[in-house]
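Student: All I have is the shape, not the residue letters:
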């Protein structure tokens with residue numbers, strides 16, 4: 001049976017959430033955007049996932065940095081400065097009485113088109129901004145037992161084709177990779193770079209552990225992952241040897257441990273890649289230690305945050 005790094009239990013409270021749509025909090029059944037919206041028509045926009053703990057989105061500054069950088073690259077005027085967008089996020093959490101066990105999706109599109117066409121000049125009005133908060137936590141079994149990965153034919157390409165640093169709504173390359181992996185009976189796709197070295201996964205970043213040393217890709221062909229960067233910082237802080245470097249599938253198959261990282265689930269072990277069981281097939285000591293250190297980092301980050309004025 002396959003799972004997903006995003007798998008979570010059903011929470012009946014999500015049926016009655018209120019969603020922030022362009023400044024208005026709407027009941028879930030009434031939260032809608034136009035069929036002429038750039039995001040619906042073309043996948044033209046940027047987004048962020050936010051993990052909420054103790055009433056605060058963890059690492060919010062880094063997430064907003066990435067969001068605004070992506071919007072600037074695509075010449076999208078979000079229409080809200082960082083302070084206003086931060087207030088909108090907190091207002092959405094307050095309206096839903098959410099403090100813990102929450103994941104929010106912050107989405108920005110170029111806005112409504114006068115006709116379904118890609119040219120940004122066909123856009124009328126302001127950007128569309130939506131915040132979807134959900135009661136959502138990763139499954140304990142996923143965090144302990146881990147995932148199975150499958151290496152797919154879809155590559156992470158050069159930035160002049162589709163820049164992997166853009167966290168855009170258009171994710172068809174990752175969706176195609178995910179389809180191939182799940183059809184092969186795996187949980188997540190492992191994607192290579194144009195040179196055949198390991199790049200990343202379809203929705204997470206990939207790490208291996210060899211002889212106690214943590215390896216991840218050189219980062220040229222993957223999103224600038226916030227959890228990825230935090231894990232590397234944790235390694236430096238706690239004396240865990242870590243490298244950003246090219247490595248091949250042979251080195252993956254021979255790894256002692258492996259794991260993936262992402263905002264939703266944090267650090268998740270990988271037990272198998274392409275039918276090769278890693279180590280003894282169970283969560284290893286380095287991964288388990290990093291999970292604890294990452295939880296502590298999240299707690300430290302949100303403890304230093306205050307409600308916006």
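Tutor: Yep, it's here. Since the structure is predicted, the reported quantities are computational estimates derived from the model, not experimental observations.

Student: List the contacts of the worst-scoring helix or strand of the chain on mean pLDDT.
Tutor: Each helix and strand of the chain was given a mean pLDDT (mean pLDDT, DSSP states H and E); the minimum falls on helix 159-162 at a mean of 92. Residues external to helix 159-162 that are found in contact with it (Cβ atoms under 8 Å, 6 or more residues apart in numbering): 165, 170, 173. (Each C-beta comes from the backbone N, C-alpha and C, glycine too.)

Student: Most neighbours out of these, which is it?
Tutor: Most neighbours among the contacts of helix 159-162, by other Cβ atoms under 10 Å: residue 173, with 18 neighbours.

Student: these two touch, right, that residue and residue 154?
Tutor: Yes. Shown here, residue 173 and residue 154 form a contact pair, counting by Cβ atoms under 8 Å, at 5.6 Å.

Student: Run through the protein and note the low-pLDDT ranges.
Tutor: By pLDDT under 70, the low-scoring segments of the chain are 1-2.

Student: That one - how does it break down into domains?
Tutor: As recorded under automatic domain parsing, the domains making up the chain are 12-135, 140-300.

Student: now the strands: where do they sit in the stretch 1-150 of the chain?
Tutor: 18-21, 24-27, 45-53, 56-57, 102-109, 112-113, 123-124, 128-135, 147-151 (DSSP state E, counting those that start in this stretch).

Student: Which strands border the fourth one, and is each parallel or antiparallel?
Tutor: Partner strands for strand 56-57, per DSSP bridges, with pairing direction: strand 45-53 (antiparallel).

Student: Repeat that for the first one.
Tutor: For strand 18-21, sheet partners with direction are given as strand 24-27 (antiparallel), strand 128-135 (antiparallel), following DSSP bridges.

Student: Looking at the chain, which helix is longest?
Tutor: helix 285-303 (DSSP state H).

Student: quick one, that one and strand 45-53 angle?
Tutor: 90 degrees (axes from the mean of the first three to the mean of the last three Cα atoms, to 10 degrees).

Student: Give the buried residues for helix 285-303.
Tutor: 286-288, 290-291, 293-294, 297-298, 301-302 (16 or more other Cβ atoms under 10 Å).

Student: Residue 189 reaches residue 199, doesn't it?
Tutor: No. Residue 189 lies out of contact with residue 199 (Cβ under 8 Å); the separation is 10.7 Å.

Student: Can you show me the helices along this structure?
Tutor: Listed in chain order, the helices of the chain (DSSP H) span 38-42, 60-73, 82-95, 140-145, 159-162, 172-183, 226-237, 249-253, 285-303.

Student: Would you mind telling me which of those is nearest residue 108?
Tutor: Set against residue 108 and scored by Cβ to Cβ, these come closest in helix 60-73, at 6.2 Å.

Student: packing partners for that closest one?
Tutor: On a contact count with 3 or more Cβ pairs under 8 Å, 6 or more residues apart in numbering; DSSP states H and E, helix 60-73 meets strand 45-53, helix 82-95, strand 102-109, helix 226-237.
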